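**Student:** A structural model of the following input is requested.
(one chain, ligands or ions: 2)
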Amino acid sequence: METRVDEIAERIYRLSTFLPKLGPSGFTFNQFLVDADEPLLFHCGQRALFPAVSVAAARIMDLRRLRWVTFSHIEADECGALDEWLDAAPDATVTHGAIGCAIWLNDQAPRPPRALGNDEVLDLGGRRVRRLDTPHVPHCWDAGLLYEEVTGTLFTSDLFTHVGDPPALSGGDIVGPAMAAERQFGFTAVTPTTGTTVRRLAALRPRTLAVMHGSSFSGDAPAVLESLAGFYDHLLQKSAAPHGG
Ligand SMILES: [Fe+2]
Ligand SMILES: [Fe+2]
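**Tutor:** Numbering: from 1, shown residues only. Ligands and ions are numbered 1, 2, ... in the order given. Below you'll find the model as predicted:
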């Protein structure tokens, strides 16, 4: 197992591990390292991935420099290796939204977490990340996303999930492959607020989408997010219509 490293925006690194035997055409698990005065890791990966991912991260920086570890929601690929990362980075603090701290981290984290409010900004020194509460988007009550304001990078977690081992960064169509994966796996908790939540992300006018499974995207990200919001609205309408629409 090997983790590849790509810089997808200035000083924002994608750590990607491809598991070829997962599903019909393999699947990537991507973590993101934001290099700043106070470096931040978004997503830990599963414990089984930690040896490969941490070796890759150490090619970018001494892991003891890490100051923040955070993730979208509580699942093994998002935060399974949290303890391992906090061991490797003794000065790092885990941070998450208020709900996530209340239902998980206050009890399970090896060190006290820092709870971030909705829209609260962490100034990392050279990079600024904004926490966005997005309950149940893509899934889980504690879900939230992160927006790096200096580079205009939105960390989308499982939104735009697609299969295979596509390029690290794409300007092509990621919505079509994401719709196909959604139809195949049904991983998003589609509710009446899903489309609204995704449109709130589009309003940030991001330039880069850092995607957890598949290619990251550079280009007209607001249009891509609008398109995804429309897809979820359509799914909801279809499921609510008599006989499934
Ligand atoms: Fe997830
Ligand atoms: Fe995920």
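
**Student:** for residue 136, helix, strand, or coil?
**Tutor:** coil (DSSP: H, G, I helix; E, B strand; the rest coil).

**Student:** quick one: it from ligand 2, how far?
**Tutor:** Separation of residue 136 from ligand 2 (Cβ to the ion, to the nearest Å): 15 Å. Using the backbone N, CA and C atoms, a C-beta is placed for each residue, glycine as well.

**Student:** close enough to count as contact, that residue and residue 194?
**Tutor:** Yes - in this structure, residue 136 is within contact of residue 194 by Cβ atoms under 8 Å, at 7.5 Å.

**Student:** Which one of those two is surrounded by more residues?
**Tutor:** residue 194 (23 against 17; other Cβ atoms under 10 Å).

**Student:** Settle this for me: that one is touching residue 230, isn't it.
**Tutor:** No - Residue 194 is beyond contact range of residue 230, at 10.9 Å (criterion: Cβ under 8 Å).

**Student:** Get me the contact residues on the chain for ligand 1.
**Tutor:** Proximity of the chain to ligand 1, by Cβ under 5 Å from the ion, involves residues 75, 158.

**Student:** swap the cut-off to 6 Å and go again
**Tutor:** Applying Cβ under 6 Å from the ion, we find that the chain lies next to ligand 1 at 73, 75, 78, 139, 158.

**Student:** Greatest separation within those: which pair is it?
**Tutor:** 78 and 139 (10.4 Å; Cβ to Cβ).

**Student:** Mind jotting down where the helices sit in this structure?
**Tutor:** Per DSSP state H, the chain carries helices over the ranges 50-60, 76-79, 82-88, 98-100, 106-108, 175-185, 194-202, 221-240.

**Student:** by contact count, what packs against the first one?
**Tutor:** Contact analysis of helix 50-60 by 3 or more Cβ pairs under 8 Å, 6 or more residues apart in numbering; DSSP states H and E lists strand 3-9, strand 12-19, strand 27-34, helix 82-88 as its packing neighbours.

**Student:** Nearest residue to residue 233 in space, please, no chain neighbours.
**Tutor:** residue 195 (4.2 Å; Cβ to Cβ, 6 or more residues apart in numbering).

**Student:** Quick one: residues contacting the one you found.
**Tutor:** By Cβ atoms under 8 Å, 6 or more residues apart in numbering, the contact list for residue 195 reads 229, 230, 232, 233, 236.

**Student:** try 6 Å this time
**Tutor:** For residue 195, the contacting residues are 229, 232, 233, by Cβ atoms under 6 Å, 6 or more residues apart in numbering.

**Student:** what about the last one, neighbour count?
**Tutor:** With neighbours defined by other Cβ under 10 Å, the count for residue 233 comes to 17.

**Student:** What about residue 112, how many residues nearby?
**Tutor:** Residue 112: 11 neighbours (other Cβ under 10 Å).

**Student:** and the residues of the chain next to ligand 1, which are buried?
**Tutor:** Buried members of the residues of the chain next to ligand 1, scored by 16 or more other Cβ atoms under 10 Å, are 73, 75, 78, 139, 158.

**Student:** Could you check the pLDDT of the residue lying closest to residue 79 once chain neighbours are set aside?
**Tutor:** Among residues not flanking residue 79 along the chain, residue 71 sits closest, at 4.5 Å (Cβ to Cβ, 6+ apart). On pLDDT, residue 71 comes in at 98.

**Student:** and if you look at residue 33?
**Tutor:** pLDDT at residue 33 comes out at 98.

**Student:** Residue 244 too?
**Tutor:** Reported pLDDT for residue 244: 50.

**Student:** Kindly report the same for residue 135.
**Tutor:** Value for residue 135, per-residue pLDDT: 97.
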